[in-house]
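# predicted model, plus sequence, below.
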Amino acid sequence: MQIPVIDLAPYLEFCGKPPNTDGKEFDSELQNLCSEVSRTLKETGALLVKDPRCTAEDNDRFLNMMEKYFEMPDDFKRRQERPQLHYQVGVTPEGVEVPRSLVDAQMQEKLRAMPIELQPSTPTGPDPKWRYMWRVGPRPSNTRFKELNSEPVIPEGFPEWKDTMDSWGYKMISAIEAVAEMAAVGFGLQKDAFTSLMKQGPHLLAPTGSDLRRHSQIGTVFAGYHYDLNFLTIHGRSRFPGLNIWLRDGRKMEVKVPVGCLLIQTGKQIEWMTAGECIAGMHEVVVTERTTDAIKLASQQNRSLWRVSSTLFAHIASDAVLKPLGHFTDSPLACKYPSISAGEYVEQELAVINLKGNKGDAS
């Protein structure tokens, strides 16, 4: 099975037109497109989209700058480390993020029950990847969750940093917002059911950097089997493959992102708001044969051997309440998703994966 590519252009074109006078919001073609978005997210936990506002050139400009940053000496990069802010801004060094599958006994039990060929790779410790957290978009002036809405950190010697990060970040947020509206319509909710709750959310552009000169052995796990705790995650195409996802029916699939496309994955917050109709997608990043082929080619062409992912985590606003929306309140599974503020939920999850000082139990 291949994940379908959804072209957002018809939806964006429709949104740019004056409202219909006959009261009909969508024609049948657009309605079908929205239904395909929600169905694909429900069945696969992932979606490939083509957004005319996000070009391959934009992605390349971003990757080039992040490769240059991750190639800097470790002591330079550690100057951008902010552990006291739970690593929610600045750099997270390799060896800090702990994959959920290492610490969650319930998840380990599920993994052991999987057929061998569908099981994820087993990490031996914390992830050997670096990550940079850059906030995107406005933050609330009044919030109970200040540390999730902290000021950005800019490394010295990168005059283009802010413009490049903001430009790519805002473009990817725009793509997420379009998909969130389409998914809401497809799920039978109001078009702004999700996007109204995203306003002033702690959205984070969070590219990872993995050093393939040191970690190039097949089976090396850069990001252990996990789900994302946010609403939706979006990535531009990486120059080195290695992402595996698990479909809702349990099948494991290596993701191939076409040039000029973006990959979107479902997080825990959309699962909460749909009462499990759409579940958080499980995934891992691991060195595969396709990764080693890309390493050989990059070496021949004298290109960087840092694997950069241009990942952005789109969040529900920290002070907004996570709960099943609309008709999902009638779902038999709604009781599994009690009301909780998004910020409180995020803090519980960060404690489990070692990005917050104190220990906490994740829901």
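Done, it's in.

# what about residue 16, how many neighbours?
Residue 16 has 7 neighbours, counted by other Cβ atoms under 10 Å. Backbone N, C-alpha and C define where each C-beta goes, glycine included.

# just want the phi and psi numbers for it.
In terms of degrees, to the nearest 10, the main-chain angles of residue 16 are phi -80, psi -10.

# what sits against it?
Not one residue lies near residue 16 by Cβ atoms under 8 Å, 6 or more residues apart in numbering.

# and the pLDDT at it?
We note a pLDDT of 84 for residue 16 in this prediction.

# if I look at it, how far off is residue 54?
Distance, residue 16 to residue 54, by Cβ to Cβ, to the nearest Å: 16 Å.

# tell me the mean pLDDT for stretch 194-205?
pLDDT averaged over stretch 194-205 gives 95.

# cool, and stretch 167-178?
For stretch 167-178, mean pLDDT rounds to 97.

# please shift the residue numbers so they start at 823 in all later answers.
Let's use 823 as the start, then, which means that last one is stretch 989-1000.

# mind listing what's buried in that stretch?
990, 991, 993, 994, 995, 997, 998, 999, 1000 (16 or more other Cβ atoms under 10 Å).

# quick check: which element contains the residue nearest to residue 878 when sequence neighbours are not counted?
The spatial neighbour of residue 878 that comes closest, neighbours along the chain excluded (Cβ to Cβ, 6 or more residues apart in numbering), is residue 1082 at 4.5 Å. For residue 1082, there is no enclosing helix or strand under DSSP states H and E.

# name the SS class of the residue nearest the centre of the chain, please.
Geometric centre of the chain, nearest residue: residue 1055, 2.3 Å, by Cα atoms, centre = their mean. Of the three states, residue 1055 takes strand under DSSP: H, G, I helix; E, B strand; the rest coil.

# now secondary structure and distance to residue 1132 too, for the buried residues of stretch 989-1000, in a markdown table please.
Below are those laid out as a markdown table (DSSP: H, G, I helix; E, B strand; the rest coil; distance: Cβ to Cβ, whole Å):
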| residue | secondary structure | distance to residue 1132 |
| --- | --- | --- |
| 990 | helix | 7 |
| 991 | helix | 9 |
| 993 | helix | 10 |
| 994 | helix | 8 |
| 995 | helix | 13 |
| 997 | helix | 12 |
| 998 | helix | 13 |
| 999 | helix | 17 |
| 1000 | helix | 18 |
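
# now the helices for the protein?
831-837, 850-866, 878-892, 896-899, 922-925, 927-935, 983-1008, 1017-1020, 1090-1095, 1111-1122, 1164-1174 (DSSP state H).

# tell me which of these sits most buried.
Highest mean neighbour count among the helices of the chain (mean count of other Cβ atoms under 10 Å): helix 1090-1095, with a mean of 25.

# same for that one, what does it pack against?
Using 3 or more Cβ pairs under 8 Å, 6 or more residues apart in numbering; DSSP states H and E, the elements in contact with helix 1090-1095 are strand 1143-1144, helix 1164-1174.

# what pLDDT, on average, does the longest one get?
The one in question is helix 1164-1174. 86.

# for that helix, output the C-alpha coordinates as CSV.
Extracted C-alpha coordinates of helix 1164-1174, given in CSV (Å, rounded to 0.1, in the frame of the first residue of the first chain):
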residue,chain,number,x,y,z
ALA,A,1164,-3.3,20.6,26.4
GLY,A,1165,-0.3,22.1,28.3
GLU,A,1166,-0.8,19.7,31.3
TYR,A,1167,-1.0,16.8,28.9
VAL,A,1168,2.2,17.8,27.1
GLU,A,1169,4.1,18.2,30.5
GLN,A,1170,3.0,14.7,31.5
GLU,A,1171,4.3,13.2,28.3
LEU,A,1172,7.6,15.2,28.4
ALA,A,1173,8.3,13.8,31.8
VAL,A,1174,8.1,10.2,30.5
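
# so what secondary structure elements neighbour it?
helix 1090-1095, strand 1143-1144.

# hey, what's the residue nearest to the centre of the chain bridged with?
residue 1087, residue 1135 (DSSP bridges).

# quick check: beta-bridge partners of the nearest residue to residue 904 once chain neighbours are set aside?
For residue 904, ignoring the flanking residues on the chain, the nearest one in space by Cβ to Cβ, 6+ apart is residue 912 at 4.3 Å. Partner residues in beta bridges with residue 912, using DSSP bridges, are residue 955.
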